[in-house]
Each structure stands twice: as C-alpha cells, then as structure tokens.
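> any chance you can model this:
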Amino acid sequence: LPIATSVLGFWYSGVRMIYAMGRQNFLPEVFARTNKHGQPILPNILILVISIAFIMMQTIRSFFDLMAFACALCYAISTISSMVLAKKHPEWRRPFELPWGNVLRWLSLGVSVVIAFFCTIGITPMTWYGFIGYIGIGLLLWGYMVLFRWRTEKVWMKTPDGDKEY
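Coordinates of the predicted model:
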C-alpha cells in the first residue's frame, strides 16, 4: 500500500506539473495536449515510461533512494528560490510569515542539503546512470526550448504583480 501510494502520488503530481509547464511554455506545447476526457496525453505516457524504467531496476530500494534524493534536492532549490524572492520582492504579500524567517530559511536549506547528502550513500552506480540519463533528457528539452521556442514565444506566469512574460 505505501508503494502504491508513493507511485500514484508521483504519477499524479508529475503529470500535472509537466502539463502545466507545457501550458505556460516552459516545455513544448505537445505536453499540454489532452484527450477527450481532459487528461494530458504525453505527460501520462512519459510518467508511465519512467515508472516502468524504475520498476525494472534491480531493487525497488534504488527507486526510493533516488526519489528521496530528488525530493531533498527539490526542497533545497525551492528554499533557495524563496530566499531569492524574499530579497528581490520584499513588497510581495506572503500569506505565511514565519518568525525568524531568514534563520528558518537557512536552517531549511541546511537540513535539505544534509538529507540529500545522506540519501546519496545508498544510491548504486547503476541508479546514478539512470539519474544522469534523466537529467540529460531534461537538458535536451531545455536546449530545444532555448534555441527554438523561446526565441519566438515567451514563458508566462502569474505573479503577485500580475501576469508576466519572460
């Protein structure tokens, strides 16, 4: 049951994130196409392929080690983004203010980096090769967007200052 919950949570959130990135021009438009039921087509296929690849690994532990590492890394990146936004846009309204905000941000960053480091201890070389391949696909998509799509179409997003194009 915990494995099913983890995989379904990964599937649902991964598909929705990829679909949203396609809609806002972070990824090619094909990622935002849906079927007659409103379900994203390519993101579901992509997550299916990734899930099968991870299930085919020698042990399911590799999947969870890599997932824990990726979550800790994403948390560190989100914390850094929070710090940058707090510095660049102090005028933006934040619904949740923390006492000792900067201290807690730095503590959060430290904890997430330490967790990411300790997650790497259990990751086998073969799992790292899969992770590097996964990152390589992301770099290819990014390169395509930089060289072709973003020259003619801008990325857009909603901010507290309104819609922005970049």
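> the most centrally placed residue in the chain and Ala116, how far apart?
The residue lying closest to the centre of the chain (Cα atoms, centre = their mean) is Cys74, at 6.5 Å. From Cys74 across to Ala116, the span is 9 Å (Cβ to Cβ, to the nearest Å). C-beta: built from backbone N, CA, C; applies to glycine.
> tell me the mean pLDDT over the helix or strand that contains Ser108?
Element membership of Ser108 [criterion: DSSP states H and E] is helix 101-120. For helix 101-120, mean pLDDT is 89.
> same check, this time on stretch 26-40
Mean per-residue pLDDT for stretch 26-40: 90.
> then stretch 83-91?
Per-residue scores along stretch 83-91 average to 86.
> go on, stretch 149-156?
80.
> returning to that earlier point: distance of the residue nearest to the centre of the chain from Glu29?
From Cys74 across to Glu29, the span is 25 Å (Cβ to Cβ).
> same thing with Lys87?
Going from Lys87 to Glu29 by Cβ to Cβ gives 33 Å.
> just give me the longest helix of the protein.
Longest helix of the chain, by residue count under DSSP state H: helix 60-88.
> and that one, what other elements does it pack with?
helix 2-23, helix 41-55, helix 101-120, helix 125-144 (3 or more Cβ pairs under 8 Å, 6 or more residues apart in numbering; DSSP states H and E).
> list the buried residues of the last one.
What it means is helix 125-144. By neighbour count on 16 or more other Cβ atoms under 10 Å, the buried set for helix 125-144 is 127, 130, 141.
> and the nearest residue to the last one once chain neighbours are set aside, what helix or strand is that in?
Looking back up the chat, that one is Leu141. Leaving aside its chain neighbours, Leu141 sits nearest to Leu27 (6.3 Å; criterion: Cβ to Cβ, 6 or more residues apart in numbering). Using DSSP H and E, Leu27 maps to neither a helix nor a strand.
> tell me the buried residues in stretch 81-99?
Neighbour-count burial for stretch 81-99 flags Met83 (criterion: 16+ other Cβ under 10 Å).
> and what of stretch 64-77?
The neighbour-count check on stretch 64-77 (16+ other Cβ under 10 Å) flags 64-66, 68-69, 72-73, 75-76 as buried.
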